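Chemist: build me a structure from this.
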Amino acid sequence: MLTHLPSRDEIVAERCRRSLPTFIREAWPIVEPATDLVSSWHIDCVAEHLQAVSEGELLRLIVNVPPRTMKSLSAAVFWPAWDWLLRPHLRWVYASYAGALSQRDSMKMRRLIKSAGGQDEGTIFQRLGYQGVLRLLHDDPWELTKDQDAKTKYETTATGMRLATSVDAMATGEGGDRVVVDDPLSAKQARSDAERDRANIWWDETMTTRFNNAEAAAVIVMQRLHEEDLTGHLLEKGGWHHLCLPAEYEPKHPFVYPDHVDLVSGVELPGDPRTTEGELLDSVRLGPDRLAELVKDLGSYGYAGQMQQRPAPAEGGMFKRHWWKRWGELPSLEKRIASWDMRFSDSQEAASSYVVGQVWGIAGADHYLLGQVRARLGFTDTLKAVNAVNEWMATPAKLVEKKANGAAVIDSLKHNVRGLIPIEPEGGKEVRAAAVEPTVEAGNVYLPDGEFIPVPPGYEPTSIDDFIHEFAIFPNGAHDDQVDAMSQILNWVANAPGPPSTKENHPWR
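Modeler: Predicted coordinates:
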């Protein structure tokens, strides 16, 4: 160690080595020389969680925070540079939905590492540069190699490496001690079932095979854009620590809040200090005026996902939670009708689709949900479910979507079950749901009073809360089978040729 350097620099260098939040404050002017750093508790909170990963306290970490809150700078620039102060042998793999984003942060980190300093005043990195700080900490500091020093990949003389890649573009043979994904999906991609599946499969089948050893750590940094985005996919598997920081505090937020976490070492990670509903995460970067603009610019779904870390607004998106009416005693019903959504699968895995059969009662303009079967069923069990519902609550008309697997069910049952009506859906799911949205908003749709929807013997009931949640989060939910079944019958009733009581040839008869 160089004894002629001022002792205060040695002290500051040691503080930087011990604390990622301190390192970020000291190194900030090198990475963002034209912008002053405005400190905030959430920056330190994220940094201390990342530091816990470096110290082996957390091996799997998911961070959900709004954009423009230093998530990429913290996780993809400062953190790996800080970790290399003492562990320059570590190999880092960074991925994003776009390779240009991974490359951008890789270049920022490289500029920091190569910084030489030279100023008389300022932070320790402005005065000494990254290499100068290394010399204070090590007698024989490392540096970047000259034969592998590119924008997308560079190595240290201590055998460390940083690779910048993108989803689906991971090079064969590359692995990491730290595997980090920063925004695996764009907001547009998150709306696509195929794109979400692609990102999830990429993680499961490619990135999980790139861990160098059992101690390798993984970090996902993103916003919540859909129930089945990579965050939702991994949380369902379990084993991940989840740090979720919405722009506005919600005491009843459905996802995990970062409560004070006691680590194995006895260290306590900081939690969200907010206690008042609506309290802001960062009043400087995301103040009231800016958030009001974002509500208009992003829309209710976009704001919920990107700012609040919810796939849909708290009060519901297309279907508001408070719109639903409840029935305790039924009026005189004109007719009962069944509606089936039959995307059955032989798989019993949690991710497979549900078969949903609903029975509705009609009285004037009002629609009453009388009962429902919702289960993961194969073909044979779907046939049994149709018969079970018909025996339990007979209906003259049974609507079955002709697409998916409905046609096969109709063909198998048409000689044994009366009233099977094939429905050819028009437009996409969202179009069909939007068509019945005014009926729900007007208060013409009633759900059973109580905790569960009635069900035939032998089937598990669905809770009313789960039913309402599926509609509230639509179309960003993991499932939409109940939405499809209800949209089908409400649209069919609305388009039927006149009141059933006055039409002898009405299809309900």
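Chemist: any weak-confidence spans in the stretch 301-450 of the chain?
Modeler: Where the stretch 301-450 of the chain drops to pLDDT under 70, the residues are 344-352, 404.
Chemist: from Gly371, how far off is the closest residue to Ala98 other than its chain neighbours?
Modeler: Leaving aside its sequence neighbours, Ala98 sits nearest to Ser166 (C-beta to C-beta, 6 or more residues apart in numbering; 5.9 Å). The C-beta positions use only the backbone N, C-alpha and C, and glycine is treated the same way. Distance, Ser166 to Gly371, using C-beta to C-beta, to the nearest Å: 48 Å.
Chemist: can you check Thr152 too?
Modeler: 58 Å.
Chemist: more crowded one of those two?
Modeler: The neighbour comparison of Thr152 against Gly371 (other C-beta atoms under 10 Å) goes to Gly371, with 21 against 16.
Chemist: phi and psi next, for the more buried one.
Modeler: Taking degrees, to the nearest 10, you get phi -170, psi 170 for the backbone angles of Gly371.
Chemist: then the one 3 residues further on?
Modeler: The main-chain torsion angles of Arg374 are listed as degrees, to the nearest 10 and equal phi -140, psi 110.
Chemist: hmm, back to that, list the contacts for the residue nearest to Ala98?
Modeler: 95-99, 101-102 (C-beta atoms under 8 Å, 6 or more residues apart in numbering).
Chemist: which secondary element of this structure has the worst mean pLDDT?
Modeler: In the chain, no helix or strand scores lower on mean pLDDT, DSSP states H and E than strand 261-262, which sits at a mean of 72.
Chemist: partners of whichever helix or strand comes after it, with directions?
Modeler: Next helix or strand after strand 261-262 toward the C-terminus (DSSP states H and E): strand 268-269. Partners of strand 268-269 in the sheet, by DSSP bridges, are strand 261-262 (antiparallel).
Chemist: show me the contact partners of the partner strand.
Modeler: 241, 268-269, 271.
Chemist: which of these scores worst on pLDDT?
Modeler: Within the contacts of strand 261-262, pLDDT reaches its minimum at Gly271, with 79.
Chemist: hmm, back to that, which PyMOL command selects the buried ones in the contacts of strand 261-262?
Modeler: To isolate the buried ones among those in PyMOL, judged by 16 or more other C-beta atoms under 10 Å, type:
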select buried, resi 241+269
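Chemist: just the contacts of strand 261-262 now: which is nearest Ala190?
Modeler: Distance to Ala190 across the contacts of strand 261-262 (C-beta to C-beta) is lowest for His241, with 22.5 Å.
Chemist: sec struct for the residue positioned nearest the centre of the chain, please.
Modeler: In the chain, the residue lying closest to the centroid (C-alpha atoms, centre = their mean) is Arg224, at 3.5 Å. When classified by DSSP: H, G, I helix; E, B strand; the rest coil, Arg224 comes out as coil.
Chemist: contacting residues for it?
Modeler: Counted by C-beta under 8 Å, 6+ apart, Arg224 has contacts 64, 231-232, 244, 255, 305, 309-311.
Chemist: would you put the C-alpha positions of stretch 318-333 in PDB?
Modeler: The C-alpha coordinates for stretch 318-333 follow below in PDB (Å, rounded to 0.1, in the frame of the first residue of the first chain):
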ATOM      1  CA  MET A 318     -61.200  -2.800 -17.800                       C
ATOM      2  CA  PHE A 319     -63.500  -4.100 -15.100                       C
ATOM      3  CA  LYS A 320     -63.500  -2.200 -11.800                       C
ATOM      4  CA  ARG A 321     -63.800  -4.100  -8.600                       C
ATOM      5  CA  HIS A 322     -66.700  -2.100  -7.300                       C
ATOM      6  CA  TRP A 323     -68.900  -2.600 -10.300                       C
ATOM      7  CA  TRP A 324     -70.000  -6.100  -9.400                       C
ATOM      8  CA  LYS A 325     -73.400  -6.500  -7.800                       C
ATOM      9  CA  ARG A 326     -74.300  -9.400  -5.500                       C
ATOM     10  CA  TRP A 327     -77.500 -11.500  -5.300                       C
ATOM     11  CA  GLY A 328     -78.800 -13.200  -2.200                       C
ATOM     12  CA  GLU A 329     -82.300 -14.000  -3.300                       C
ATOM     13  CA  LEU A 330     -83.000 -14.600  -7.000                       C
ATOM     14  CA  PRO A 331     -85.800 -12.900  -8.900                       C
ATOM     15  CA  SER A 332     -88.000 -14.800 -11.300                       C
ATOM     16  CA  LEU A 333     -85.700 -15.900 -14.100                       C
END
